[in-house]
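S.K.: Just need the structure, nothing else, for what follows:
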Amino acid sequence: MNNQLITVQEFASFRDIGKKLDEAKINECIKQAQSTDLFDVLNDFFFDLVENKDSIQYQDLLSGSTFSVNNQSFSQAGIKSLLADYTYNRYMYSINTNFTPFGATQKYGQDSQPVDRNLLKDIAKQTQVDADIKFKMIDKYLKSNSSIFTRYQTGNNPDINTGSVRYSIIK
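M.R.: Modelled structure (predicted):
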């Protein structure tokens, strides 16, 4: 059973990563982002999400939607978009690296050279900031639909990191 919430093609539709997709590398980044980063912000609700990913009730949460709270309209981008951001953040660190039997190597093209690692760190850091902001609207959506997403709790569960999401940037 495949528990991945997004595919390589969906990831590529959210982020400009070029035409030649390194599916193995991207799938690894998706798995890490889903099991670590997404779990970190959703905690126990993560398991409901994975279990119900094909349910009609979860499609707006996954794909994004507009919703109302106190007669005011809001828009949330969806868990798939958030997961694409988390995946992109991880992909930035692995994009120029290949692991071979002789160790880690950098990719060099005939007419190109890899981007400076500090620039990749900056891109990853900004992607993380963007994901944090995106999650705030997803959190608002989840709270406004608490009758559907009963396992999602904020405020009462210290393990859920909404509002002050903690991130670790690899240096």
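S.K.: Tell me the confidence at the residue positioned nearest the centre of the chain?
M.R.: Centrality entry for the chain: nearest residue to the mean C-alpha point is Leu83, 1.9 Å, by CA atoms, centre = their mean. Leu83 carries a pLDDT score of 97 in this model.
S.K.: Which element, helix or strand, includes it?
M.R.: Per DSSP states H and E: Leu83 is located in helix 79-94.
S.K.: and for that helix, what are the contacting residues?
M.R.: For helix 79-94, contacts defined as CB atoms under 8 Å, 6 or more residues apart in numbering pick out 5-6, 10-11, 14-15, 17, 25-26, 28-30, 32-34, 37-38, 49, 61-64, 120-121, 123-124, 127-128, 130-131, 134-135, 138, 170. (C-beta placed from N, C-alpha, C; glycine too.)
S.K.: same deal with stretch 135-150?
M.R.: 41, 45, 48, 57, 60-61, 65, 67-69, 74-79, 82, 152, 154, 162-163, 165.
S.K.: which of the contacts of helix 79-94 are buried?
M.R.: Among these, those classed as buried by 16 or more other CB atoms under 10 Å are 5-6, 10-11, 14-15, 17, 25-26, 29-30, 33-34, 37-38, 49, 61-62, 64, 120, 124, 127-128, 131, 134-135, 138.
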